[in-house]
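Visitor: How does the following fold in three dimensions:
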Amino acid sequence: MELIADSGGSKTRWYLLSDRGLISFSGIGLNPNSVDRSSILGEILRIQKKLKSNPIRRVHFYGAGLGKTARRQMMSAILKRFFPTATVRL
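Guide: Prediction:
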């Protein structure tokens, strides 16, 4: 399964791609320039719980606010924390 995120400042559109098809859902925006780390952690935890029965092999995160290396590293570390067996791409 693949998890794809298209994130801006106000919302994130999530897509779960599996051999059974595509499921999409929304969440809060995860721009690290305007959302604190704690809120990002809480939102990713919510997403992880929602997908509990689906083993995620790859995470593709396309988001605003990832222009600086430190922001990309933070987001990558958070995603790897919640999806430890997945390949994470930003």
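
Visitor: Which neighbouring elements make contact with the helix or strand where Ser39 lies?
Guide: Here Ser39, judged by DSSP states H and E, is contained in helix 37-50. Applying 3 or more CB pairs under 8 Å, 6 or more residues apart in numbering; DSSP states H and E, one finds that helix 37-50 contacts strand 21-28, helix 69-82. Every C-beta, even on glycine, is put in place using the N, C-alpha and C of the backbone.

Visitor: so it versus helix 69-82, what angle?
Guide: Helix 37-50 runs at 30 degrees relative to helix 69-82, counting by axes from the mean of the first three to the mean of the last three CA atoms, to 10 degrees.

Visitor: Residue numbering should commence at 15 henceforth.
Guide: I'll keep to 15 as the first residue from here, and by that count the last item is helix 51-64.

Visitor: next helix or strand past helix 51-64?
Guide: Sequence-wise, the next helix or strand downstream of helix 51-64 (DSSP H and E) is strand 72-77.

Visitor: hey, C-alpha coordinates of that following strand in PDB?
Guide: Extracted C-alpha coordinates of strand 72-77, given in PDB (Å, rounded to 0.1, in the frame of the first residue of the first chain):
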ATOM      1  CA  ARG A  72       5.700   3.800   0.800                       C
ATOM      2  CA  VAL A  73       4.800   7.300   1.900                       C
ATOM      3  CA  HIS A  74       4.900  10.200  -0.600                       C
ATOM      4  CA  PHE A  75       4.500  13.600   1.100                       C
ATOM      5  CA  TYR A  76       4.200  16.700  -1.100                       C
ATOM      6  CA  GLY A  77       3.800  19.700   1.100                       C
END
